[in-house]
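Participant: Okay, here's the prediction I keep looking at, along with the sequence it came from:
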Amino acid sequence: MMVASPAEAAREILQKARAGERLSYDEGVTLYRYADLLELGEAARERCDQLHPERYVTFVIDSNINHTNVCVTNCSFCAFYRPPRHAEAYTRSHEQILDMVGQMVEQGGTELLMQGGHNPDLTVEYFEALFRAIKQRYPQVIIHSLSPPEIQYIARRSKLSIYDTMVRLKAAGWESFPGGGAEILVDRVRSIIAPLKTKSQEWLDIMRMAHNLGVHGSATMMFGHVETLEERVEHLLRLRELQDETHGWRAFICWTYQPGNTALGGREVGSVEYLRTLAFARLFLDNIPNIQASWLTQGLKVGQVALSFGANDLGGTLIEEEVVRSTGVTNRSNAETLIKLVRDVGKTPALRNTRYEIVRVF
Ligand code: SF4
């Protein structure tokens, strides 16, 4: 009997994925490693069109406000944080943040993506009072904020359980969880790039708890640093398993590690690998409906190509953003740019809210 070559095996697995069948971990590794890039992209696009026959490509008008860059967790891939008392350390007051939210609202923004460092001075009261003030002044804004590691750190500093911390934040207006701090959910990787940060199982447990509380959101992957291809597939498998259980994720977003100004350094993986990963994720994550293209790290042109590799969403316009930009990345966008970018690939741009409800079709 002839043994199939890896490329032939990948082609067979691709047929299975095209038919909407679930892929095992081993099949995933073979497909991801050996599939022809364009065939993989085409299958991902087909799957995307089957799931979204209206052919909308969605985006949200949002702002990523970073309330503090003070952090004691020292992840080696991060260019954003500063240690306490550093000359460039900052913590924004509630009034400053409210002003920034107001500017976003003036530009039609509805989503506040607020993330920051693990700042020892900030306990749950800072966030409760802030969220209440935001919801009081701008009730239409959806607070899509914090990450499992931030929640864990706030709980620790507040001497509360993680559950009680989340219940209090939810009561104050926290509604949606962006899913940052996942990087790669394999502890070998985390022990190298973020040894002081939330472990893989803890990250998943906090997500499960949030989903069970009704705080849904997105799942993420930051790749291209010290992980292997197999570890990326393991990461995606762990996300898929939790999603089977809770159905709490509306979207998946992956982006490439940006080495500029980081202690870890190294080189950025290229756009080909980004597109391969995105297309593979569309096929492997068969239970997450929306796959977001990362124009922020890849630039608008690759973000546009990603719409033919399985992505159906362009994320936010990001009126503010400091974390990725601290690595030297300068990509910027606005609603008009995203609308044109979508029209140029023959799809229909649509404005959504954080819950992925369509607000306006262009
Ligand atoms: S990634 Fe987050 S937790 Fe890690 S150092 Fe940067 S701000 Fe701190």
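Facilitator: Looks like it arrived, so ask away.
Participant: Make sure residue 163 is actually in contact with residue 209.
Facilitator: Yes - with contact defined as CB atoms under 8 Å, residue 163 reaches residue 209; the gap is 5.9 Å. From N, CA and C alone the C-beta is placed, and that goes for glycine too.
Participant: which of these two has more neighbours?
Facilitator: Legend: neighbour count by other CB atoms under 10 Å for residue 163 and residue 209, higher for residue 209 (18 against 15).
Participant: Wait, a helix at the more buried one?
Facilitator: Yes - counting by DSSP: H, G, I helix; E, B strand; the rest coil, residue 209 falls inside a helix.
Participant: Could you pull out the residues contacting both of residue 163 and residue 209?
Facilitator: The overlap between the contact sets of residue 163 and residue 209 (CB atoms under 8 Å, 6 or more residues apart in numbering) is empty.
Participant: Pull up the gap between the nearest residue to residue 121 once chain neighbours are set aside and the ligand, please.
Facilitator: What sits nearest to residue 121 in space, not counting adjacent residues and going by CB to CB, 6 or more residues apart in numbering, is residue 91, at 6.8 Å. Applying CB to the nearest ligand atom, to the nearest Å, the value for residue 91 to the ligand is 13 Å.
Participant: quick one, phi/psi of residue 91?
Facilitator: Per-residue torsions, residue 91: phi -140, psi 120 (degrees, to the nearest 10).
Participant: you'd agree it is up against residue 117?
Facilitator: No - using CB under 8 Å as the test, residue 91 is too far from residue 117 to be in contact (9.1 Å).
Participant: neighbour-wise, which of these two wins?
Facilitator: Remark: of residue 91 and residue 117, residue 117 carries more neighbours, 28 against 16, as counted by other CB under 10 Å.
Participant: Quick one: residues contacting that one.
Facilitator: Neighbours of residue 117 in contact, by CB under 8 Å, 6+ apart: 68-73, 80-82.
Participant: So, low pLDDT: which residues of the chain?
Facilitator: The model of the chain has pLDDT under 70 over residues 1-2.
Participant: residues in it within reach of the ligand, list them.
Facilitator: Within the chain, the positions near the ligand by CB under 6 Å from any ligand atom are 71, 73-75, 78, 80-81, 117-118, 149, 194, 197.
Participant: switch the cut-off to 5 Å
Facilitator: Contact residues (CB under 5 Å from any ligand atom) of the chain with the ligand: 71, 73, 75, 78, 81, 117.
Participant: most neighbours, which of those?
Facilitator: Neighbour max across those (other CB under 10 Å) = residue 117, 28 neighbours.
Participant: Helix, strand or coil: sort out it for me.
Facilitator: Put simply, residue 117 is coil when judged by three-state DSSP.
Participant: In space, what's closest to it - neighbours in sequence excluded?
Facilitator: Once flanking residues are discounted, residue 117 sits nearest to residue 71: 2.8 Å by CB to CB, 6+ apart.
Participant: helices or strands up against the longest helix along the chain?
Facilitator: Longest helix in the chain by number of residues (criterion: DSSP state H): helix 229-246. The contact analysis (3 or more CB pairs under 8 Å, 6 or more residues apart in numbering; DSSP states H and E) places helix 229-246 against helix 25-34, helix 200-212, strand 216-223, strand 249-256, helix 271-284.
Participant: rewinding a little: would you mind grabbing the residues shared as contacts by residue 91 and residue 117?
Facilitator: Applying CB under 8 Å, 6+ apart, one finds that residue 91 and residue 117 are jointly contacted by 68, 70.
Participant: Okay, helices next: where are they in the stretch 1-150 of the chain?
Facilitator: 6-18, 25-34, 37-51, 94-106, 124-137, 148-158 (DSSP state H, counting those that start in this stretch).
Participant: next one: the stretch 251-362 of the chain
Facilitator: For the stretch 251-362 of the chain, applying DSSP H, counting those that start in this stretch gives helices covering 271-284, 295-298, 300-305, 335-343.
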